[in-house]
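K.L.:
pasting a predicted model and its sequence here:
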Amino acid sequence: VRDVVYILCFGLNPLGETLIELRDIYARFDIENLMKDGDEPYPRVDGKNELKSKGMEIEFRNVFFKYPGTSKMVLEDISFKIKPGQMVVIVGANGSGKSSTFKLFNRIYDPTEGEVLVDGLPLSSYKLKDVRRAMAILRQDHTPYPLSLRMNIALGSPDNENPSEEELIKALQAGGADRFIEKLPKKLDTVLDPVQLSWLNLNGESNDVLKKMVADKEKVTDVSGGESQRLAAARTFMRLGGSGIRLLAADEPTSALDPEGEYELFSRLKEQRGGKTVIFITHRFGHLTKYADMILVLKDGRLVESGNHTELLAKGGEYRRLHDVQARAFISLDDSASSEMTDSKSTSKLD
Ligand SMILES: Nc1ncnc2c1ncn2[C@@H]1O[C@H](COP(=O)(O)OP(=O)(O)OP(=O)(O)O)[C@@H](O)[C@H]1O
């Protein structure tokens, strides 16, 4: 798909045309959508009026899940309810089922048993397009598209294919991507990411015209993991600024960021979320967990605890254990730092 997007964008089509062409490709090849679509519009229409809330309510009811073609249940009997506008953090050790939970509420998969409900109706009953349109999702796999930076960010906008320079800059600043883009020679017009050139040799025949087009293209600029994460965050802010977004969900959005970058990103997400429901998955305790209305703690595919930071610390269970492991790392760092200081003082005394 990345190569197809690149081919479509070779002539640097306006974004709108590109997206239409991409949609046509799916239609032309009649690619089957394995996810059965519902027919309920989202947001729900209540009589003549749409439900007024700015956030999305999400409920898991006795959800069990195993990945298609596998036998291991990775989520077992998960039940919780997130109220509209709440900020929720999902924590747990590696492999505890956080990302799998994430994939169910944005309907990448359907549960094997049980139900995921959105605003009181099964998620599967809604038109998928409508419900996804109401979500701003920031995933772990944040590889930029092989398009200009401008297009990479504009793609986030739910209702405006050609956002203004001002809107783009606002999103870049919010995502913390403005400083590194400013340093690139072509700034927002930089095209990122090397493109697999295998398609130039389809059926063993090289295509000289395409080869020349590639040679004429801007040389690739590489970005670090953290920069690419900032870019994905900018795209998400572009989406958050659009109309109709009710859920912001982010799966470890700061894993590649330095502590300052992480703090800034979370602060801006909190500032700009309005009344939207927010769900974060994180391994790091601190900024997020302290402010969360509810923390869901997963262990081996089960929801073992839920509550706020203070309640869960007082409970002394899995959350406390995970929290203390991180806290101990800081305490031992402090200890070694202070012992280093003592050592250096004693050395200097000896000197
Ligand atoms: N695509 C997949 N196919 C089969 N099993 C999978 C798939 N993705 C994840 N799993 C399995 O599901 C279980 C839960 O994984 P998941 O990624 O949800 O955990 P996680 O809590 O997000 O872990 P991490 O903190 O490492 O990201 C694991 O045992 C994992 O091996």
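P.N.:
All right, it came through fine.

K.L.:
surely Arg150 touches Asp189?
P.N.:
Yes - distance between Arg150 and Asp189: 6.4 Å, which falls inside the contact criterion (C-beta atoms under 8 Å). The way it works is simple: take the backbone N, C-alpha and C, and place the C-beta from them, glycine included.

K.L.:
so Leu257 versus Asn94, what's the distance?
P.N.:
In this view, Leu257 and Asn94 are 19 Å apart by C-beta to C-beta, to the nearest Å.

K.L.:
more crowded one of those two?
P.N.:
Looking at Leu257 and Asn94 with other C-beta atoms under 10 Å, you find the greater number of neighbours at Leu257, namely 20 against 6.

K.L.:
quick one: pLDDT of that one?
P.N.:
Here the pLDDT value assigned to Leu257 is 78.

K.L.:
a strand runs through it, doesn't it?
P.N.:
No - counting by DSSP: H, G, I helix; E, B strand; the rest coil, Leu257 falls outside a strand, being coil.

K.L.:
nearest residue to it in space, please, no chain neighbours.
P.N.:
Spatial nearest neighbour of Leu257, excluding adjacent residues (C-beta to C-beta, 6 or more residues apart in numbering): Gly226 at 5.3 Å.

K.L.:
for the one you found, give me its contacts.
P.N.:
By C-beta atoms under 8 Å, 6 or more residues apart in numbering, Gly226 lies in contact with 256-258, 261.

K.L.:
can I get the buried part of those residues as one PyMOL selection?
P.N.:
The PyMOL selection below is limited to those of the contacts of Gly226 classed as buried (16 or more other C-beta atoms under 10 Å):
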select buried, resi 256+257+261
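
K.L.:
what is the nearest of the contacts of Gly226 to the ligand?
P.N.:
For those, the minimum distance to the ligand (C-beta to the nearest ligand atom) is 13.8 Å, reached by Ala256.

K.L.:
I'd say the closest one and Ala232 touch.
P.N.:
No - counting by C-beta under 8 Å, Ala256 sits too far from Ala232 to count as a contact (10.0 Å).

K.L.:
in the stretch 51-200 of the chain, which spans are helices?
P.N.:
Counting by DSSP state H, counting those that start in this stretch, the segments of the stretch 51-200 of the chain that form helices are 98-105, 128-133, 149-154, 165-175, 178-182.

K.L.:
how about those helices, which one is nearest the ligand?
P.N.:
In this view, the helices of the stretch 51-200 of the chain are compared for proximity to the ligand by C-beta to the nearest ligand atom, and helix 98-105 is the closest at 3.3 Å.

K.L.:
who touches the residue nearest to Phe102 when sequence neighbours are not counted in this structure?
P.N.:
Across the structure, with C-beta to C-beta, 6+ apart as the measure, the residue nearest Phe102 apart from its sequence neighbours is Asp251 (5.1 Å). Asp251 sits next to 98-99, 102, 138-140, 281 when contact means C-beta under 8 Å, 6+ apart.

K.L.:
how about a cut-off of 7 Å?
P.N.:
Counting by C-beta atoms under 7 Å, 6 or more residues apart in numbering, Asp251 touches 99, 102, 139-140, 281.

K.L.:
how close does it get to Ser53?
P.N.:
Here Asp251 is placed at a distance of 24 Å from Ser53 (C-beta to C-beta).

K.L.:
Tyr145 against Asn152, yeah?
P.N.:
Yes - at 5.6 Å, Tyr145 counts as touching Asn152 under the criterion of C-beta atoms under 7 Å.

K.L.:
who's more crowded, the two?
P.N.:
Between Tyr145 and Asn152, counted using other C-beta under 10 Å, the more crowded position is Asn152 (24 against 19).

K.L.:
host element of the closest residue to Arg273 other than its chain neighbours?
P.N.:
Leaving aside its sequence neighbours, Arg273 sits nearest to Leu248 (C-beta to C-beta, 6+ apart; 5.8 Å). Under the criterion of DSSP states H and E, Leu248 resides in strand 247-251.

K.L.:
after that strand, which helix or strand is next?
P.N.:
Using DSSP H and E, the helix or strand that follows strand 247-251 in sequence is helix 259-272.
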